[in-house]
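predicted model follows, preceded by the sequence.
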Amino acid sequence: IIGGAQALSYVIRMVKTKLVAVLLGPGGVGLIGLYESAISLVGTFSGLGIASSGVRQVAEASGSGDDIRIGRTILVLRRTCWITGLLGTVLTAALAWPLSVWTFGNSERAGAITLLGVTLLMASLSGGQMSMIQGIRRIGDLARFQVLSVSAGSVISVALYAWLGLRGIVPALLISAAVNLGLSWWLARRVQVPPVRMTWPETAREARHLVSLGLAFMWSAVLVAGVGLASAALISRHFGIEANGIYQ
């Protein structure tokens, strides 16, 4: 099921890439890649690997059959995702100017990068929802999310690029993140989560397990994201954004 969903997602992405290349040209593709690389690096660092460690924690709680433990684990995961998402948004705003200078060679894109920081909050929340769905083994919903998110994001992006051209890049990234959040919320609300009450100090204590495991995932992911941004930035600054579009 997951393999089929991934295969279909790859085909949709290939079609989207072709359409975007036709509509925006190599420069537009390169600009999208630079925005995504910059935001991805900040999001990977601020996310603390929670999306990955959350799957394991929810799976362990689900396997125990203890409703209270399941409810507490999911509540901790959701609260932690709010915190890491807000952290990512704040970090993006704080680092927007140096990221723009390092990535584009000037500060003209700092405003757009700051605005795109909002996508990290939405991505963190949707990532937490999907960690829960994966942890309790709702494989069908996981596959539906993969296909629907890629399909909806592709249609929205192509429509905005056809209408606004390069000015549609930032709105397309924002709306796509919002659509992913909406889809994850729709799928997650179909799961019956046992209601529990927890204080924030209790949440902080239990969140330590999520963070300690997540950090192991985070460092390798940060290296991958950092190399990706460094490569794209070097190509863009030495050979132009069009060359980065070809590389992407």
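Right, received. Where do you want to start?

secondary structure element for the spatially most central residue of the chain?
Nearest residue to the geometric centre of the chain (CA atoms, centre = their mean): Ala123, 4.1 Å. Using DSSP states H and E, Ala123 sits within helix 118-135.

circling back to that earlier point, tell me the contacts of the residue nearest to the centre of the chain?
Taking CB atoms under 8 Å, 6 or more residues apart in numbering, we find Ala123 in contact with 43, 85, 177, 180-181. C-beta here means a position set from N, CA and C on the backbone, and glycine is covered the same way.

repeat that for 6 Å
Taking CB atoms under 6 Å, 6 or more residues apart in numbering as the criterion, Ala123 is in contact with Ala177.

pLDDT weak spots in the chain?
Across the chain, nothing is flagged by pLDDT under 70.

where do the helices of it begin and end?
For the chain, applying DSSP state H gives helices covering 2-47, 50-64, 67-104, 110-116, 118-135, 139-164, 169-188, 200-239, 241-247.

to Pro194, which of those helices lies closest?
The closest of the helices of the chain to Pro194 is helix 67-104. By CB to CB, the value is 3.6 Å.

for that closest one, what is the distance to the chain centroid?
Centre-to-centre, helix 67-104 and its host chain are 10 Å apart (CA atoms, centre = their mean, to the nearest Å).

not counting sequence-adjacent ones, nearest residue to Ile32?
Leaving aside its chain neighbours, Ile32 sits nearest to Ile169 (5.7 Å; criterion: CB to CB, 6 or more residues apart in numbering).

quick check: that neighbour vs Leu24, distance?
Using CB to CB, to the nearest Å, we find Ile169 at a distance of 8 Å from Leu24.

now swap in Val147 and tell me
Taking CB to CB, one finds Val147 at 24 Å from Leu24.

ditto for Ala207
Ala207 is 41 Å from Leu24, where distance means CB to CB.

also Phe145?
Noted for Phe145: a distance of 27 Å to Leu24, by CB to CB.

please say which of those two ends up with more neighbours.
Using other CB atoms under 10 Å as the criterion, Phe145 and Leu24 rank with Phe145 on top: 23 against 20.

can you pull the contacts of that one?
Contact partners of Phe145, counting by CB under 6 Å, 6+ apart, are 183, 187.

for Ser236, same thing?
Asn244.

got the angle for the helix holding Ala123 vs helix 2-47?
Put simply, helix 118-135 runs at 130 degrees to helix 2-47, going by axes from the mean of the first three to the mean of the last three CA atoms, to 10 degrees.

pretty sure Tyr247 sits against Ala232.
No - between Tyr247 and Ala232 there is no contact under CB atoms under 6 Å: 7.0 Å.

who has more neighbours out of the two?
Set side by side, Tyr247 and Ala232 show more neighbours around Ala232, with 23 against 15, by other CB under 10 Å.

any idea how far the closest residue in space to that one that isn't next to it in sequence is from Ser212?
Closest residue to Ala232 apart from its sequence neighbours, by CB to CB, 6+ apart: Ser37 at 4.9 Å. Counting by CB to CB, the separation of Ser37 from Ser212 is 28 Å.

just want to know which of these two has more residues nearby.
Ser37 (23 against 12).

for that one, which residues are in contact?
By CB under 6 Å, 6+ apart, the contact set of Ser37 is 228-229, 232.

10 Å - rerun?
By CB atoms under 10 Å, 6 or more residues apart in numbering, the contact list for Ser37 reads 99, 103, 225-233, 236, 244, 248.
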